[in-house]
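> Have a look; sequence and predicted model below, questions after that.
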Amino acid sequence: MFKLYGFPISNYYNMVKLALLEKGIEFEEVMTRPSQEEDYLARSPMGKIPCLEVDEGPLIETGVILDFLEDISGDTNFYPADPYQRAKVKELMKSTELYLELVARRLLGGVFFGETLSEELKKEVMTQLDKGTKALNKLLKFGPYAAGEDFTYADIVLYYTVTLGNMLTQQALSVNLEDELPGLTNWLELMGQNTLVQKVNADRDKAFKAMAG
Ligand SMILES: N[C@@H](CCC(=O)N[C@@H](CS)C(=O)NCC(=O)O)C(=O)O
C-alpha cells in the first residue's frame, strides 16, 4: 500500500491526500513533519512534505506526484484528454503555485510562528499578490470548476492554495482573496460540498486545534 508522509496542516500534503481519495487509491498516512534528519532526507531530499512512497520507491514534489497518480489510474481523470486543454489545466496549476501559493507563503512564518513581518515584506507581497490575482483572473474559468466544466487537478491545487493563502493574506494584509478573485466564493461553496474535501478539511482542522493547544 502507498504511504503518504506528511502532516494535515500542510496544504501541499492535503492536495495529494485529496487526489488519492478522489482516485480511490488505498494509502496509509505516516504523520511526518518536515525534517532534515538523514533517514527522512533519504526519502525526501529537501526534507519537505509531502512524500509519497509507492511500490517502486519514494516520490516528492506535489505536481510530480499528481501526474504519477494520473498515469497509474485509468478510470478517474483529472486532466482533459485534449493536449491543449490538458496544458491549460497545467498552466493554471503552475500559475496558482507560482503567483499565489508561493507569494502568500512568505507570510506564513509571521502569521503562524510569530516571526516579524516587516512593512517592506508586506509591501512586496502585496505587489506580487496584486499581479498574481490579476493574472489568475485571466486564467480561471469557474464554469463551475476552476478550469471549466470538469473537476480537474487545478481545483485541488487552487483549493488548498486559497484556503491556506486566504488565512495568511487576511491576517497579515487584511486582503480577502474572495474579493480579489470573482467567482471564488461560489466555487469554494461548491468544493465544500464534496465529502472527500470535507474529510480532508476535518483532519486538517483537528491538526490545527491540536497544534494550537
Ligand atoms: N515544492 C514542494 C513544496 C512542499 C512544501 O513546501 N511543503 C512544506 C509544508 S506545506 C514543507 O515541507 N516545508 C518545509 C521546508 O520548506 O523545509 C511540493 O510541491 O511538494
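Received the coordinates, thanks.

> Domain parsing of the protein, as residue ranges.
With automatic domain parsing as the criterion, the domains of the chain are listed as 2-72, 83-212.

> Can you get me the start-to-end distance on the first one?
So the one you mean is domain 2-72. In domain 2-72, first residue to last residue: 13 Å (C-alpha to C-alpha, to the nearest Å).

> ok, and does that domain reach over to the ligand?
Yes: applying C-beta under 6 Å from any ligand atom, one finds domain 2-72 in contact with the ligand at 10-12, 34, 47-50, 61-63. All C-beta spots, glycine's among them, are computed from the backbone N, C-alpha and C.

> And the strands in the chain?
2-6, 27-31, 51-54, 57-60 (DSSP state E).

> With mean neighbour count and mean pLDDT added, can I get those strands in CSV?
Below are those laid out as CSV (neighbours: other C-beta atoms under 10 Å; pLDDT from 0 to 100):
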stretch, mean neighbour count, mean pLDDT
strand 2-6, 20, 98
strand 27-31, 14, 98
strand 51-54, 22, 98
strand 57-60, 14, 98
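
> per-residue confidence at the closest residue in space to residue 180 that isn't next to it in sequence?
Of all residues not flanking residue 180 in the chain, residue 133 sits nearest, at 4.2 Å (C-beta to C-beta, 6 or more residues apart in numbering). With respect to pLDDT, residue 133 scores 98.

> What of the one 3 residues further on?
Predicted confidence (pLDDT) at residue 136: the value is 98.

> how many other residues sit next to it?
22 (other C-beta atoms under 10 Å).

> What residues does it make contact with?
Contact analysis of residue 136 by C-beta atoms under 8 Å, 6 or more residues apart in numbering lists 92, 95-96, 99-100, 181.

> do the same with residue 68
Taking C-beta under 8 Å, 6+ apart, we find residue 68 in contact with 52, 54, 59.

> Distance check, it against the ligand.
Note on residue 68: its distance to the ligand, by C-beta to the nearest ligand atom, to the nearest Å, is 13 Å.
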